[in-house]
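Asks: Sequence and computational prediction follow.
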Amino acid sequence: MEDLIPEATSHSTATPRIRRRPALSCANCRRRKVRCDRKEPCEQCRKSRSATCTYTPEGLSSLIDHVPNPTPFRKSRSPLPTRDAFRDGGNVIRRESVVRAIGPLTTPETPPDDKTSNSERSFSDSHFTASGNHVDHDLAQRVERIEGMLSSAKINGKVADGIQTRKLPTSGLNGNMSKNRYYGHGHWLSGIVQAPSFMCFEVDLSDDDVMKMKNKEAGEAINSVLNNCKTMARAIKAAQQPQFTIWGVSFQHTMPERSIADELVAHYLRTHESTYRILHIPSFHKEYAQYWGNPQTTSTLSLIKILLVMAIGTCFYQGPDFDAHRTQAIQWIYTAQFWLASPNEKSRLRTAAIQVECLLLLARSIYNIGADLLWNHTGSVLRTAMSMGFHRDPKHSRRYSILHKEIRRRLWATILEINLQACLDSGMPPMISTDDFDTEPPSNINDDEIDESTQTRPSSHAPHVYTQSSLQIALLGSLATRLEIANLANDPGIDGLYERVLTLDKELLRTYKDSHSFLIRAAQDKFARFKPTPFHCKILNLKIQRFLLILHRPFATQARNNPHFYYSHKIHLDTAIAIHSLPSQNDTPTPDSSISPLKTEDDYDRFRLISNGFLKELLIHSIVIIYQEMISPLEDTLPSFSSSLFSINTPSVSARASSIRLLQTMLDLATARIEAGETAVKSHLLYSIALAHLQALEEGTPHDDAMTKAAMDSLAHCQEILRHRVAKIPTIEEQFSDLGAQCDASGFADGEMDAAMQDWGMEFEPKDVDSWLLSGWYG
């Protein structure tokens, strides 16, 4: 038989080597010793329902020219692929394409040389593997070519080489370390620490204290006052933290009176709910009314939701007792954090719990409760939502009502937006892409158009019609572009991707202009039921403008030496200036009476005064850009590359005067922020030094001494404000006397609290200070 051709047993007889006939039958037919029709798969394998029908390479090469296209194979219980395809990561590479790429698989036709010994012929024509199996040399080369083909195959539409682990540069961190935290390449402060000096400071990344005063004696004095400010700031924050855990004190007694609560809820619904769609407003009004009707029957989840809504609304409260309400709002936030940190996480896998998580993220950002660490918490919320299926569109499931499906779409869009903003705050990647979800955008409808009784999904209004969901939809329209920008900004190799930067800039500017024009038209529509307020327009602009800053920052700093990057310089500077423009108060629309009867013209000013988080960081970032633009030409001793063509070399007198006025305005704002409750003093210090520097350059006086004096005066002024606030803090005895009544009201008599469960405050931030620049901007 063809498989049993005997080999020569005697080496003394010089008989020519007999070539083996190629096996043309498939392996199964050869094993079963039945006739094979040499098809793909053969008829015998079809009848026996064999999972595989394989041929030897020699037989495969003989069949290439006459085997027809593979016919559909019968469904098999085995998931193994047939032999007409090589699979790599879900991709299918057909045998025909491989054959066309590597050529026909044929065996050498050169006849053996009788004068050559058997051993010599064996080593010249072929080689043996370690196991003794004969391997044709030409076949081995073809196998290598097939492997190369598989390695470059496309997987899910992407080249395999592109999804392999990238080798990061080994020359440095491409970021900065501070307090055991890594500030990525995309963080705005990384642009400062790459310079040898900044203002009156020297930058040394090899030292724990990154920023040092050039004047050593002045530096010691400034650090002493700065440490005093930090000590008082910690005392103020400690007094605002609750002294008992959620298990020790009932929090229903902390509810303000009904009129104040109504005002705080109205503030939230008028401002943040339009940008972050977290609640269904009619449903929330029912929960809120139910609480005041019978507080004892209200669930803990609903009560915490109400408390967080009021905490966010407190930011816009302007009554004389704002300080007391601010302290109360901070304690509500800690209460929610304690509740979410309690055991039984599985019981909180509910849509209402996701709403609480989103409200908590917003509240922590506004009141600076670990605002620079929100990227960690946001990632947890994102993964929780994905574990609950929010990343899959609810149309795939029939278990949800129409209202529930719409709420899930809104919450998913909100989580994506919060995550995207938080990644910029920390200089970290967003950790999600558009390939990871298929949830559709929310419908362009108003809340009163859908409720629990709705049986069919309402039709969305036309895109030009402004609804209560229009702002979220507008932000969602640029989500894919901003996600790519966030990833690109944290790419150490961004310097070689300028063409891609320009493409993303074009896409983002197009959506930005379209959204801005839409809001302007909606605000001027006299017959519209809902209209965007100046606060909404400004916040939407800021959320997009900050991505323009981080996209062009690496190239804007190179424009003075390379005119190729002039466009980035212009966009970078124009965006920084636009950030400080105040929203127009002309034709201020009246909000819908069902949401709030209050005025809206002061919302952005109030938010800028009280809020921390992304807005404060963005204001500081833009001021640094404008400051560096003003002082660089005045201190630069190198000739400019084309002063006649570009205007980036010597700012005009009017531009410098405008910058000085802006710095003075921001300095006044920083002072008011500290008086209103902020504990961080570094923004005030930065504005003071920058203002003194520009004024000294304008007057032609020594600027180093002026900046040092401004730094001392700034810290002394901040220290006096903080000392005045510390004097208002109740003593320990007063705090415990107040809390004793609370414990009695909640059923905790003296001596009944378990000391093992005490948690005296929740520290979101480390106390050790090891970096002047990277730490302490948020308080």
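Replies: Received the coordinates, thanks. On a predicted model such as this, the values are computed, not experimentally measured, just so you know.

Asks: May I have stretch 447-462 as PDB, with CA atoms only?
Replies: Output of stretch 447-462 as PDB, limited to C-alpha atoms (Å, rounded to 0.1, in the frame of the first residue of the first chain):
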ATOM      1  CA  ASP A 447     -39.000  64.900  30.600                       C
ATOM      2  CA  ASP A 448     -42.800  65.400  30.700                       C
ATOM      3  CA  GLU A 449     -43.100  63.600  27.400                       C
ATOM      4  CA  ILE A 450     -42.300  60.200  28.900                       C
ATOM      5  CA  ASP A 451     -43.300  58.500  32.100                       C
ATOM      6  CA  GLU A 452     -43.800  55.000  33.600                       C
ATOM      7  CA  SER A 453     -47.000  54.500  31.600                       C
ATOM      8  CA  THR A 454     -45.400  55.200  28.200                       C
ATOM      9  CA  GLN A 455     -45.600  52.100  26.000                       C
ATOM     10  CA  THR A 456     -43.700  53.200  22.900                       C
ATOM     11  CA  ARG A 457     -40.600  55.300  22.700                       C
ATOM     12  CA  PRO A 458     -41.500  58.900  21.900                       C
ATOM     13  CA  SER A 459     -40.200  60.400  18.600                       C
ATOM     14  CA  SER A 460     -37.200  62.700  19.100                       C
ATOM     15  CA  HIS A 461     -37.700  66.300  18.200                       C
ATOM     16  CA  ALA A 462     -35.800  67.700  15.300                       C
END
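
Asks: which residues sit against that stretch?
Replies: Residues outside stretch 447-462 that contact it (CB atoms under 8 Å, 6 or more residues apart in numbering) are 280-283, 401-403, 405-406, 443-445, 467-468, 594. The C-beta positions use only the backbone N, C-alpha and C, and glycine is treated the same way.

Asks: what are the ranges of the strands in the chain?
Replies: For the chain, applying DSSP state E gives strands covering 85-88, 91-94, 126-128, 134-136, 154-155, 158-159, 176-178, 181-183, 197-198, 201-203, 211-213.

Asks: Just the contacts of stretch 447-462: which are in helices?
Replies: Residues of the contacts of stretch 447-462 located in helices (DSSP state H): 281, 282, 283, 402, 403, 405, 406.

Asks: Surely the last one and residue 443 touch.
Replies: Think residue 406. Yes. With contacts counted by CB atoms under 8 Å, residue 406 reaches residue 443, the gap being 6.1 Å.

Asks: between these two, which one's more packed in?
Replies: residue 406 (24 against 21; other CB atoms under 10 Å).

Asks: And the pLDDT for that one?
Replies: In this prediction, residue 406 carries a pLDDT score of 96.

Asks: Just read off the phi/psi values of residue 51.
Replies: Reported as degrees, to the nearest 10, the phi and psi values for residue 51 are phi -70, psi -30.

Asks: And it, how close does it get to residue 28?
Replies: Distance, residue 51 to residue 28, using CB to CB, to the nearest Å: 10 Å.

Asks: can you list the weak-confidence ranges in the stretch 51-200 of the chain?
Replies: 57-138, 147-179, 185-186, 188, 190-200 (pLDDT under 70).

Asks: and what of the stretch 451-600 of the chain?
Replies: Checking the stretch 451-600 of the chain against pLDDT under 70 turns up 492-496, 584-600.

Asks: Relative to residue 267, which of the ones in helices among the contacts of stretch 447-462 is nearest.
Replies: residue 281 (13.8 Å; CB to CB).

Asks: My guess is residue 680 contacts residue 233. True?
Replies: Yes. Residue 680 lies in contact with residue 233 (CB under 8 Å); the separation is 7.2 Å.

Asks: contacting residues around residue 614?
Replies: Residues in contact with residue 614 (CB under 8 Å, 6+ apart) are 365, 421, 424, 425, 542, 543, 546.

Asks: Among those residues, find me the one that's closest to residue 480.
Replies: Nearest to residue 480 out of the contacts of residue 614 is residue 543 (CB to CB; 14.8 Å).

Asks: The closest one and residue 512: what is the separation?
Replies: Counting by CB to CB, the gap from residue 543 to residue 512 is 10 Å.

Asks: Looking at those two now, which is surrounded by more residues?
Replies: Higher neighbour count among residue 543 and residue 512: residue 543, with 24 against 21, using other CB under 10 Å.

Asks: contacting residues for the spatially closest residue to that one that is not a sequence neighbour?
Replies: Spatial nearest neighbour of residue 543, chain neighbours left out: residue 475 (6.4 Å); criterion: CB to CB, 6 or more residues apart in numbering. Residue 475 makes contacts with 275, 413, 417, 515, 540, 543, as judged by CB under 8 Å, 6+ apart.

Asks: quick check, nearest of the residues you listed to residue 338?
Replies: Nearest to residue 338 among the contacts of residue 475, counting by CB to CB, is residue 417 at 26.0 Å.

Asks: Number of residues surrounding the closest one?
Replies: Counted with other CB under 10 Å, residue 417 comes out at 20.

Asks: Scan this protein for its longest helix.
Replies: Longest helix in the chain, counting by DSSP H: helix 498-524.

Asks: Other residues contacting stretch 285-303?
Replies: Stretch 285-303 is contacted from outside by 251-252, 255, 258, 265, 305-306, 339, 348, 350, 352-353, 356, using CB under 8 Å, 6+ apart.

Asks: list the contacts for residue 698?
Replies: Residue 698 is in contact with 656, 660, counting by CB under 8 Å, 6+ apart.

Asks: ok so, going back, quick one: which of residue 51 and residue 28 has more around it?
Replies: It is residue 28, of residue 51 and residue 28, that has more neighbours when counted by other CB under 10 Å, with 19 against 16.

Asks: Please verify my assumption that that one contacts residue 53.
Replies: Yes. Under the criterion of CB under 8 Å, residue 28 makes contact with residue 53 at 6.5 Å.

Asks: any common contacting residues for those two?
Replies: 42, 45.

Asks: so what's residue 602 closest to, chain neighbours aside?
Replies: residue 318 (7.5 Å).

Asks: residues near that neighbour, how many?
Replies: A count of nearby residues for residue 318, using other CB under 10 Å, gives 12.

Asks: Check residue 730 too.
Replies: When neighbours are counted by other CB under 10 Å, residue 730 registers 11.

Asks: Look up the closest residue to it, ignoring the ones flanking it.
Replies: Residue 730's closest residue in space is residue 239 (CB to CB, 6+ apart), at 7.2 Å.

Asks: Any idea how many residues pack against that neighbour?
Replies: 18.

Asks: Tell me who's in contact with the spatially closest residue to residue 463 that is not a sequence neighbour.
Replies: Closest residue to residue 463 apart from its sequence neighbours, by CB to CB, 6+ apart: residue 444 at 6.8 Å. By CB under 8 Å, 6+ apart, the contact list for residue 444 reads 460, 461, 462, 463, 465, 467, 469, 470, 473.

Asks: mind listing which of those residues are in helices?
Replies: 470, 473.

Asks: Give me the buried entries from the contacts of residue 444.
Replies: Buried members of the contacts of residue 444, scored by 16 or more other CB atoms under 10 Å, are 460, 461, 465, 467, 469, 470, 473.

Asks: for those, which one is nearest residue 395?
Replies: Distances from residue 395 to those, taken by CB to CB, are shortest for residue 460, at 14.3 Å.
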